[in-house]
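1. Model the following, please.
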Amino acid sequence: MKKFLILAALLAAPACSAERMVLAPAPAVDAPLAKGALQKAVFAGGCFWGVEGVFERVKGVKSVVSGYAGGARATAIYEITGSGLTGHAEAVEITYDPAVVSYGTLLRVFFSVAHDPTQLNRQGPDSGSQYRSALFTRDAGQERIARAYVAQLEKAGTWKPKIVTTFEGAKPFYAGEDYHQNYLRAHPTQPYIVYNDIPKVEGFKRLFPALWSDKPAA
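-> Numbering: from 1, shown residues only. I've put the predicted structure just below:
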């Protein structure tokens, strides 16, 4: 469902997030903090506006770009991906400092507050495969950590419903249109943002105060 079709309904909705937030356990398998080149992580968890809004507040994150992953370059266009037929998911590309924040910690934030990993091909009011929960791991190390973490969450029973997050490897990421970048900060009073996304950012600050950055990443 297109976001602009549901704004009127959200105006009358109660002031609470459409998705659940759960403090997931710290990853048992992770890469140690170490100096080195900046690294990238690509996550898909529903509308990229809110996912970007959360990760731009994580200490050690240098930039967050909203875009598309899973399909071809030619169809990495908002109006086309909305069909749900392109293979793309709305995703974010996170550039982070591995000396400050680990890939496992980013995963913990992703599963805890950025989205609900038990919703199949939807998040909150948005439905379609373009809103699926997916991990686009960049290398074997990320793949190992991600699979171990999902297995850990399932064993711990962090969520009663089954985790439906897919592992889709290092498929290319394509940056989205300029008007989607920094969307949450540019439109903090839009009803969709107020209802679905601001609570995620507030939830992140509440659940992970040590990771919170007062200055959002670029």
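2. Could you pull out the helices in the chain for me?
-> For the chain, the helices defined by DSSP state H cover 7-11, 48-55, 78-81, 103-109, 140-156, 183-186, 191-192, 198-207.
3. Extract the C-alpha trace of the longest one and format it as CSV.
-> Listed next in CSV are the C-alpha coordinates belonging to helix 140-156 (Å, rounded to 0.1, in the frame of the first residue of the first chain):
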residue,chain,number,x,y,z
ALA,A,140,31.6,-14.0,4.7
GLY,A,141,32.2,-12.4,8.1
GLN,A,142,28.9,-10.5,8.1
GLU,A,143,27.1,-13.6,6.9
ARG,A,144,28.5,-15.7,9.7
ILE,A,145,27.6,-13.1,12.4
ALA,A,146,24.1,-12.5,11.0
ARG,A,147,23.2,-16.2,10.8
ALA,A,148,24.5,-16.9,14.2
TYR,A,149,22.6,-13.9,15.6
VAL,A,150,19.3,-15.0,14.1
ALA,A,151,19.8,-18.5,15.4
GLN,A,152,20.6,-17.0,18.8
LEU,A,153,17.3,-15.0,18.8
GLU,A,154,15.3,-18.0,17.7
LYS,A,155,16.7,-20.2,20.4
ALA,A,156,16.2,-17.5,23.0
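4. Point out where the chain drops to low pLDDT.
-> 1-19 (pLDDT under 70).
5. what residue is smack in the middle of it?
-> What sits nearest the mean C-alpha location of the chain, by CA atoms, centre = their mean, is V51, with 3.8 Å.
6. so of the helices of the chain, which one's packed in deepest?
-> Per-stretch averages of neighbours, counted by mean count of other CB atoms under 10 Å, single out helix 48-55 among those, with a mean of 27. Any C-beta I mention is one placed from the backbone N, CA and C, and that applies to glycine too.
7. Which elements pack onto that helix?
-> strand 39-45, strand 61-69, strand 89-96, helix 103-109, helix 183-186, helix 198-207 (3 or more CB pairs under 8 Å, 6 or more residues apart in numbering; DSSP states H and E).
8. what separates it from the chain centre, distance-wise?
-> 6 Å (CA atoms, centre = their mean, to the nearest Å).
9. Likewise for stretch 78-91?
-> The chain centroid and the centroid of stretch 78-91 are separated by 16 Å under CA atoms, centre = their mean.
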